[in-house]
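[1] sequence and predicted structure below; questions after.
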Amino acid sequence: MTLIDGKAIAAQIKSEIAEEVKQILKSGGKRPHLAAVLVGHDGGSETYVAGKIRMCEELGFKSTLIRYEENVTEKELLEKIVALNNTPDIDGFIVQLPLPKHISEYKIIETIDYRKDVDGFHPVNVGRMTIGLPCFVSATPAGIIELLRRYNIETSGKNCVVLGRSNIVGKPVATLLMQKNRPGDCTVTVCHSRTVNIEKYCREADIIIAALGSPGFLKGDMVKEGVVVIDVGTTRVPSPETKSGFKLKGDVAFEEVAPKCSYITPVPGGVGPMTIISLMNNTLLASKKVIY
Ligand code: GUN
């Protein structure tokens, strides 16, 4: 069994990006600039956005954080997005989700200029990804594909089961793994909360991408010997042992499943670190104008 070290791969990509930024600046090019819009004070969102801003600093990117209180109107937010679209120095920006209930996430995402949509959530980017055109691919699916690539894991012709059908992970990762590409060329099955006999699909899978947000869902008796397991779950469960008062729990019962795997990602330290670095890579691509 090989433990997929997302932390190490992310660190490697981080130094590759930092080096490229140095070269760009040396030759008189533009410093990549990411803006992040954060509404309200949700603990998870605060942590994620702070991590993104910190990573920008570490890579030599410029960053701008724009904060709004929970009661900001949809109109005000939409106006800000139009302003960001029209600010040439900003290469890409994100609006951290979830948003308060009175704001339509769909309207917000559609208003972002797809050429600055480094989250890859805009329908143009999703559509272009689906038909295999250059686009911004959302960070978690891009990070998963990069892990498979860098570990040289064979995907062609494999049975891949994706657990979960979210717009952010399940659907895009299923799309990417079915593409005529490397990694890709899988026979993909997407299972979800209404799937009948989910165990049967899992037991036949060569590769399982678990993105349900259900801690410990995938048990040892649900997988076959030699399976590749990518655990995308990051549920916060209370823990008196940690300083923050919680710890992250994946969708996989790691102790039971790992001994049967050829490769498996841990939580934390698997997919998580790849997500933020993939966003940074998209920002670099946006600043280089190589996609649009
Ligand atoms: N909320 C959870 N994940 C993400 C993400 O990747 N991007 C944004 N904008 N919000 C999120």
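    Alright, I've got the coordinates.

[2] show me what contacts the closest residue to residue 111 other than its chain neighbours?
    Computed as Cβ to Cβ, 6 or more residues apart in numbering, the closest residue to residue 111 that is not its neighbour in sequence is residue 81, at 4.7 Å. (C-beta placed from N, C-alpha, C; glycine too.) Contact analysis of residue 81 by Cβ atoms under 8 Å, 6 or more residues apart in numbering lists 37, 95, 108, 111, 112.

[3] so which of the residues you listed comes closest to the ligand?
    residue 95 (5.7 Å; Cβ to the nearest ligand atom).

[4] just checking, that closest one touches residue 108?
    Yes - with contacts counted by Cβ atoms under 8 Å, residue 95 reaches residue 108, the gap being 5.5 Å.

[5] quick one: common contacting residues for these two?
    77, 81.

[6] what's the burial count for residue 193?
    Residue 193 has 10 neighbours, counted by other Cβ atoms under 10 Å.

[7] and for it, nearest residue in space, chain neighbours not counted?
    residue 212 (8.0 Å).

[8] that neighbour and residue 251 touch, don't they?
    Yes - using Cβ under 8 Å, residue 212 is in contact with residue 251, at 5.1 Å.

[9] who's more crowded, the two?
    residue 251 (26 against 22).

[10] list the residues that contact that one.
    Here residue 251 is in contact with 163, 210-218, 231-233, 235 (Cβ under 8 Å, 6+ apart).

[11] I'd like to know how far it sits from residue 204.
    Separation of residue 251 from residue 204 (Cβ to Cβ, to the nearest Å) stands at 18 Å.

[12] do residue 23 as well
    Residue 23 is 47 Å from residue 204, by Cβ to Cβ.

[13] and these two? which has more neighbours close in?
    A count of neighbours by other Cβ under 10 Å puts residue 204 above the other of residue 23 and residue 204, at 13 against 10.

[14] quick one: pLDDT of the more buried one?
    What the model reports for residue 204 is a pLDDT of 98.

[15] wait, residue 228 sits on residue 262?
    Yes - Residue 228 lies in contact with residue 262 (Cβ under 8 Å); the separation is 5.8 Å.

[16] spell out which parts of the stretch 101-250 of the chain neighbour the ligand.
    Residues of the stretch 101-250 of the chain found near the ligand (Cβ under 6 Å from any ligand atom) are 119, 139, 168.

[17] scan the residues you listed and report the most crowded one.
    Result: residue 139 is most packed of these (other Cβ under 10 Å), 26 neighbours.

[18] and whatever residue of the chain ends up closest to the ligand, how many neighbours?
    As assessed by Cβ to the nearest ligand atom, the ligand sits closest to residue 97 within the chain, at 3.7 Å. The burial count assigned to residue 97 is 15, neighbours taken as other Cβ under 10 Å.

[19] phi first, then psi, for it.
    Per-residue torsions, residue 97: phi -100, psi 160 (degrees, to the nearest 10).

[20] wait, what's in contact with it?
    Shown in contact with residue 97 (Cβ under 8 Å, 6+ apart): 45, 105.
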